[in-house]
Every structure is written in structure tokens, then in C-alpha cells.
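Asks: sequence below, structure please.
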Amino acid sequence: MEWQKDKYREFVDAVISAAADYQRGTVMPWSAIEVAMGRGRNEPGGWRIIKRARERILADREIVTVAVDGVGLRFLPDDQAAALVPIRRQKRAYRQLNRGLKETRAVRDQHLTDVQRMIFVRQRQYMTTERRNIGRAYRESRKPGKVTAVRPTRRTK
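Replies: Presented below is the predicted three-dimensional model:
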């Protein structure tokens, strides 16, 4: 198992060293990434190297990256990362919860013990509550500047 971790390490290191010149708000083109790792991104192992490089950039430099089709890796500035990352993750979590609730509808309660049934019902309730909360947060993030009586706009001098 250890040899598999080391298999792509030098390719990831090459991409990381090539990405050192890029700062927040810039785009590292696919051509530069492919030259650094010595293979195309759609060749075997290409996306794995890119994924590991993105993880290392996030861990080491604390920069969020986004893969853009036909362009390259975008190094997001803080304001874009703050706006984009929660929305993308919430959408995915919402879809996963919907899928989980749909799949658990197929479970027949009569084949469960009382304890299993109690745990199962509680888990479905938690999933429903989480889906509701994520939906609210997602909708709220889509309209951040809405003026209400509680949150009026301030006058500028």
C-alpha cells in the first residue's frame, strides 16, 4: 500500500513546484500542469495527480483551487472562495441527503428489531432536519444582501 502512495509523489511535487508562481486570483493553465506532471490530465493517473496537488495546495498554502473546463486551475481569492465553496458543498450535501432519504424509503420496518427500527427512524428524522437546514442555508446564501426590517440598509455619507 505504501508504494501506491509514493507512486505519484514526484509528479505531485513537480506540479506543486510549478504552481508556486501562481497566487490567489490567477489561473494555472492545463498546459502548464500537464508539462509539469509529464502526462495529460486525461491519461491514467492524471486526475489523481491533480487532485493530490490541489489537496496539498490547500493544506500548505491555504488556497482554494477550482478546476475549470478548458482553462485550468483557478486559485480563488478569499471573497470568491467564501462565496463559492459553501454553495457548492451545500448543493452536494443536499443531493446526498435526498438520495439517502429515497433509498431508506425502501427499507421495510417489519424486518427490523425494535432497537434497529428506533435508530432507523431517528436517523431518517436527522437526515430530514439536516436537509431542511442545508436548504435554508443555501437559499440564504443566494440572496445575501436582502433588505428587511430587521436588516435595513445603512446610509453612506
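Asks: tell me what the one helix or strand residue 122 maps to is packed against?
Replies: Using DSSP states H and E, residue 122 falls within helix 114-142. Helix 114-142 is packed against helix 78-104, with contacts defined by 3 or more C-beta pairs under 8 Å, 6 or more residues apart in numbering; DSSP states H and E. In short, each C-beta sits where N, CA and C put it, glycine included.
Asks: average pLDDT for the helix it packs on?
Replies: The average pLDDT within helix 78-104 is 91.
Asks: what are the buried residues along it?
Replies: 81, 90, 93, 94, 97 (16 or more other C-beta atoms under 10 Å).
Asks: hmm, residue 134 and the third one touching each other?
Replies: Yes - between residue 93 and residue 134 a contact is recorded at 5.4 Å, counting by C-beta atoms under 8 Å.
Asks: care to break the chain down by domain?
Replies: 2-75, 78-142 (automatic domain parsing).
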